[in-house]
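Kindly return the folded structure for what I paste below:
(one chain, ligands or ions: 2)
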Amino acid sequence: MDLAEMTANMSLQNVNGKLQKKREDYIDWREYFMAMAFLAAKRSKDPSSQVGACVVNKENKIVGIGYNGMPLGCDDEVFPWGKNTPSPLDSKYLYVCHAEMNAILNKNAADVKDCSIYVGLFPCNECAKIIIQSGIKEVIYLSDKHAHKPETVASKRMFDAVGVKYWQFTPKNEKIEINFSDIDWNNMSPRK
Ligand SMILES: Nc1ccn([C@H]2C[C@H](O)[C@@H](COP(=O)(O)O)O2)c(=O)n1
Ligand SMILES: [Zn+2]
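Ligands and ions are numbered 1, 2, ... in the order given. Sure thing, here's the model as predicted:
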């Protein structure tokens, strides 16, 4: 198989003899940011909901990433991940840091003013306060599964009051696969 046949088969283009991905194979920038939030969520130890968040500035640069997890130093093998527990002290909700809070606290910039936050699940009222106070102006979310919970209604009430935009993102791709073996690590090119 020569380079032309190979590139045709691998949705690659032969530009000046170099393998280039076809334009349509590049990830849409919004899908990229939502995918980064999803990738971060993979780090969450919460057995029932893994949520990730990605803060992006006006220049489309990532300035913060986070996922839901226990506070630094609170061993997530010791602190509880339960819910609806007989004793409220055994419920994760008292302890877990939400993805949005972590993404904002993890910021790598002086502030996150006028940024957008991509998050898997619509922010709760506590995160809405943090989002507003941090100066974030746009919330892009995938799931609004708790739409009718008071926490979510309160979030929207606050966002509407201060003009924080929020909208549901629907990815074009059903999935984005990261396959380390796609790359020939010796020369960092697509594996032939
Ligand atoms: N926007 C959100 C919503 C939820 N979380 C976290 C908080 C918990 O760890 C978990 C939700 O648990 P569930 O009630 O679904 O068992 O997700 C978040 O970080 N950001
Ligand atoms: Zn929250």
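
what about residue 31, how many neighbours?
For residue 31, the neighbour count with other C-beta atoms under 10 Å is 18. For glycine as for every other residue, the C-beta is placed from the backbone atoms N, C-alpha and C.

How far does the strand or helix carrying it sit from its chain's centre?
When elements are assigned from DSSP states H and E, residue 31 belongs to helix 29-41. On the basis of C-alpha atoms, centre = their mean, to the nearest Å, the separation between the geometric centre of helix 29-41 and that of its chain is 4 Å.

which residues touch it?
The list of residues contacting helix 29-41 from outside it, by C-beta atoms under 8 Å, 6 or more residues apart in numbering, reads 27, 50-54, 56, 60, 62, 65-68, 99, 103, 116, 118-120, 140, 142, 169, 171-173, 176, 178.

and after that helix, which helix or strand comes next?
Secondary structure here is assigned by DSSP H and E; on that basis, the next helix or strand after helix 29-41 toward the C-terminus is strand 52-56.

From ligand 1, how far out is the most centrally placed residue in the chain?
Computing the C-alpha centroid of the chain and ranking residues by C-alpha atoms, centre = their mean puts residue 37 first, at 1.2 Å. Taken as C-beta to the nearest ligand atom, to the nearest Å, the spacing of residue 37 relative to ligand 1 amounts to 10 Å.

any idea how far that residue is from ligand 2?
As for residue 37, its distance to ligand 2 is 14 Å (criterion: C-beta to the ion, to the nearest Å).

per-residue pLDDT, that residue?
Predicted confidence (pLDDT) for residue 37: 98.

Which ones among the contacts of helix 29-41 map onto strands?
When strands are assigned by DSSP state E, the members of the contacts of helix 29-41 inside them are 52-54, 56, 62, 65-67, 116, 118-120, 140, 142.
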